[in-house]
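Colleague: Next one to model:
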Amino acid sequence: MANCLRRQSTTMPVTPRSEGDIRQQADLRSFAFKDLKEATMNFRPDSALGQGRSGSVFKGWVDETTFAPASRAAGMPIVVKILEQKDFQGHIDWLVLK
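Modeller: Presented below is the predicted three-dimensional model:
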């Protein structure tokens, strides 16, 4: 008996883009490093979510309106990834729009 549920596969071409292209095409915000540092409480270990091949991932908080650093009680959660400077592939991965 044949499988009634067919798996649909959709593939999207991976096209490398410049940072400028990505910023123009997406609703992205640019943050100063000092603001990300403050939002994650100085990248404290208790705000760490994980460690990947290309860097560490932290949870932080920003104000929903101003996007300024905020406390846990008053802000919306964000994820901040610090790319390893020695790992250029991680930087390229962030510039690929899928």
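Colleague: how close does Phe67 sit to Asn42?
Modeller: As for Phe67, its distance to Asn42 is 19 Å (criterion: C-beta to C-beta, to the nearest Å). (Glycine included, C-beta is placed from N, CA and C.)
Colleague: those helices in this protein, which residues are they?
Modeller: In the chain, the helices defined using DSSP state H lie at 19-25, 33-39, 88-94.
Colleague: Quickly, which of those bottoms out on average pLDDT?
Modeller: Among the helices of the chain, helix 88-94 carries the lowest mean pLDDT, a mean of 56.
Colleague: Please determine how far Val80 is located from Ala32.
Modeller: 12 Å.
Colleague: Pick out whichever of the two has more residues nearby.
Modeller: The residue with more neighbours, out of Val80 and Ala32, is Val80; 20 against 9, by other C-beta atoms under 10 Å.
Colleague: show me the contacts for the more buried one.
Modeller: Counting by C-beta atoms under 8 Å, 6 or more residues apart in numbering, Val80 makes contact with 36, 39-40, 57-60.
Colleague: Filter these down to the buried ones, PyMOL style.
Modeller: To isolate the buried subset of these in PyMOL, counting by 16 or more other C-beta atoms under 10 Å, use the following:
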select buried, resi 36+39+40+58+59+60
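Colleague: Format the contacts of Val80 as a markdown table; extra columns: distance to Leu28.
Modeller: Below are the contacts of Val80 laid out as a markdown table (distance: C-beta to C-beta, whole Å):
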| residue | distance to Leu28 |
| --- | --- |
| Leu36 | 14 |
| Ala39 | 16 |
| Thr40 | 18 |
| Val57 | 18 |
| Phe58 | 18 |
| Lys59 | 19 |
| Gly60 | 16 |
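Colleague: okay, Leu83: pLDDT?
Modeller: 76.
Colleague: Who does it form a beta bridge with?
Modeller: Gly55 (DSSP bridges).
Colleague: ok, it - how many residues close by?
Modeller: 16.
Colleague: Can you show me the strands along the chain?
Modeller: Using DSSP state E, the strands of the chain run over 15-16, 48-52, 55-62, 76-83, 96-97.
Colleague: in the protein, what secondary structure element scores lowest on mean pLDDT?
Modeller: Within the chain, confidence by mean pLDDT, DSSP states H and E is lowest for strand 96-97 among all helices and strands, at a mean of 46.
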